[in-house]
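Student: Here is a sequence together with a model predicted from it:
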Amino acid sequence: MWQQIQLNKRKSLFLIILMAIILVLVGASIAILYFGTEYIIEGISIAVGIWLIMLLVSYFQGDKIVLSISYAVKISETDNPKLYNIVEEMTIASGLPKIPEIYIVDEKAPAAFKGKIINCPHCKNEIGF
């Protein structure tokens, strides 16, 4: 599992660097095409500025953006005690210091974490694990 985490971190870093390179190339190309080679530094500077803004927004606000786009609703213990209890037990079992925030997305499409879906004839919803 730790190898997968390290691999994901390396892939994320690669994508961040790739995005920076693409933006720098686009900024330099636009500067050269529209303003001439003497403005290449300005084009690259603007591209790097845009990249930094995108990087900071995605790092600090990315989760909030995704939750708002998917119309996620934050759940408290009083809203869904059974779900809250399950998450609380998993938090204790995994040794996390606090219970993570719980959100529910009302969507008919299968969730990304569902690996197998069981259609239960007497269940209200499908079960995924």
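Tutor: Nice, I can see it. Numbers count the residues shown, from 1 in each chain.

Student: need the longest helix for the protein.
Tutor: helix 2-35 (DSSP state H).

Student: Please identify the buried residues of that helix?
Tutor: 20, 23, 24, 27, 28, 31 (16 or more other CB atoms under 10 Å). Using the backbone N, CA and C atoms, a C-beta is placed for each residue, glycine as well.

Student: pLDDT score for the last one?
Tutor: Just to be clear, that refers to residue 31. We have a pLDDT of 95 for residue 31.

Student: For the following helix or strand past the longest helix of the chain, give the mean pLDDT please.
Tutor: The helix or strand immediately downstream of helix 2-35 is helix 40-69, counting by DSSP states H and E. Across helix 40-69, pLDDT averages out at 92.

Student: by how many degrees do helix 40-69 and helix 2-35 diverge?
Tutor: 130 degrees (axes from the mean of the first three to the mean of the last three CA atoms, to 10 degrees).

Student: Against which helices or strands is the helix or strand just after helix 40-69 packed?
Tutor: For helix 40-69, the following helix or strand on the C-terminal side (DSSP H and E) is strand 73-75. When contacts are defined as 3 or more CB pairs under 8 Å, 6 or more residues apart in numbering; DSSP states H and E, strand 73-75 packs onto strand 102-104.

Student: residues touching residue 19, list them.
Tutor: Residues in contact with residue 19 (CB atoms under 8 Å, 6 or more residues apart in numbering) are 51, 54.

Student: Kindly recompute the last result at 7 Å.
Tutor: residue 51 (CB atoms under 7 Å, 6 or more residues apart in numbering).

Student: So it versus residue 71, what's the distance?
Tutor: 27 Å (CB to CB, to the nearest Å).

Student: got it, and residue 27?
Tutor: 35 Å.

Student: Walk me through the domains of this protein.
Tutor: The record's domain parsing of the chain by automatic domain parsing lists 2-69, 71-107.

Student: end-to-end on the first one?
Tutor: Translated: domain 2-69. Start-to-end span of domain 2-69 (CA to CA, to the nearest Å) is 31 Å.
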